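*Asks:* Structural data only, the sequence is not supplied:
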């Protein structure tokens, strides 16, 4: 059983609402529902009655929640005891990160080093697939990248929502007839999904193994779009620059765009009525015993995300 579920059920108990609990947990409502359905299958009973609002706890659920509370308490006590190692030399913690995962890791690095100066963090730049491969082979302790997770041997927690924005050349036919005055990264133009099916559009897409490759494929499958002659570009920063130069449409993370600067003025767009996003996750190999230092990093990254919600 994925131990993250204990935190999930306690949040559902607290909120008595699946959607609200998902927001507090920084995951999507469908993702939380999927985890609860999986839990019910494993337990053979439903901890919650979700047929009415607010959600209520079943008699069997009360027993399970009692164990969940005790687990979380023991987890907290364990971390307090692990902090006794703070003044002792420790092994470096090796973390695999993608481009986007590295942005989250970088934002947490300074406060973590202030809190735990005795722990050395070493980062490796990887693709999403390489992150999972490294976790499975135990060549790294942790990985920070973006969903989806393909391996059942990986335990993970979402730590940050990552909005996705279309970067569109001003002369693109997708914008024909649209009012793009006042358009900005913070106020993207809303575009009807039918416009994305225009065969004249050229898409700038990620290569296999990259986190955005999965996000793009999910988008195209969901809306039954078949890109004509897509151009595949490995690096996300390069896709942004190529899109800004007028060569095609790219679906990119909000953070990447915000941190980039060009002399171009592309149009930023999103789907009308349905913004796109994914999640940055912190992951470890399921069932693996980490070093005390790596456990501290794991818990710190998760708790830092909770404080920022």
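*Replies:* That came through fine. Just so it is clear, the structure is predicted and the values come from calculations on it, not from any experiment.

*Asks:* quick one, helices of the protein?
*Replies:* 4-15, 18-25, 29-43, 59-82, 99-115, 128-137, 211-222, 236-244, 254-258, 292-307 (DSSP state H).

*Asks:* tell me what the shortest one is packed against?
*Replies:* Pointing back at helix 254-258 there. Helix 254-258 makes packing contacts with helix 99-115, strand 154-168, helix 236-244 when contacts are defined by 3 or more Cβ pairs under 8 Å, 6 or more residues apart in numbering; DSSP states H and E. Using the backbone N, CA and C atoms, a C-beta is placed for each residue, glycine as well.

*Asks:* How far off centre is it?
*Replies:* 15 Å (Cα atoms, centre = their mean, to the nearest Å).

*Asks:* ok, back up a step: out of the helices and strands packed on helix 254-258, which gets nearest to residue 60?
*Replies:* The minimum distance between residue 60 and these falls on strand 154-168, with 24.6 Å, by Cβ to Cβ.

*Asks:* Show me where the stretch 101-250 of the chain dips below the pLDDT cut-off.
*Replies:* Of all residues in the stretch 101-250 of the chain, none has pLDDT under 70.

*Asks:* I'd like the helices of the chain laid out as a markdown table, including distance to residue 50 and mean neighbour count.
*Replies:* As requested, these are exported to a markdown table (distance: least, Cβ to Cβ, whole Å; neighbours: other Cβ atoms under 10 Å):
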| stretch | distance to residue 50 | mean neighbour count |
| --- | --- | --- |
| helix 4-15 | 9 | 18 |
| helix 18-25 | 7 | 18 |
| helix 29-43 | 8 | 15 |
| helix 59-82 | 11 | 13 |
| helix 99-115 | 32 | 17 |
| helix 128-137 | 31 | 20 |
| helix 211-222 | 25 | 18 |
| helix 236-244 | 38 | 20 |
| helix 254-258 | 32 | 18 |
| helix 292-307 | 24 | 19 |
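
*Asks:* if we compare those helices, which one ends up closest to residue 167?
*Replies:* Comparing those under Cβ to Cβ, the one sitting nearest is helix 236-244, at 4.1 Å.

*Asks:* Which neighbouring elements make contact with that closest one?
*Replies:* Applying 3+ Cβ pairs under 8 Å, 6+ apart, we find helix 236-244 packed against helix 99-115, strand 154-168, strand 203-205, strand 249-253, helix 254-258.

*Asks:* try 6 Å this time
*Replies:* The criterion is 3 or more Cβ pairs under 6 Å, 6 or more residues apart in numbering; DSSP states H and E, and the helices and strands that helix 236-244 contacts are strand 203-205, strand 249-253.

*Asks:* Please state the offset of the first one from the chain centre?
*Replies:* Averaged C-alpha coordinates place strand 203-205 at 21 Å from its chain's average position (Cα atoms, centre = their mean).
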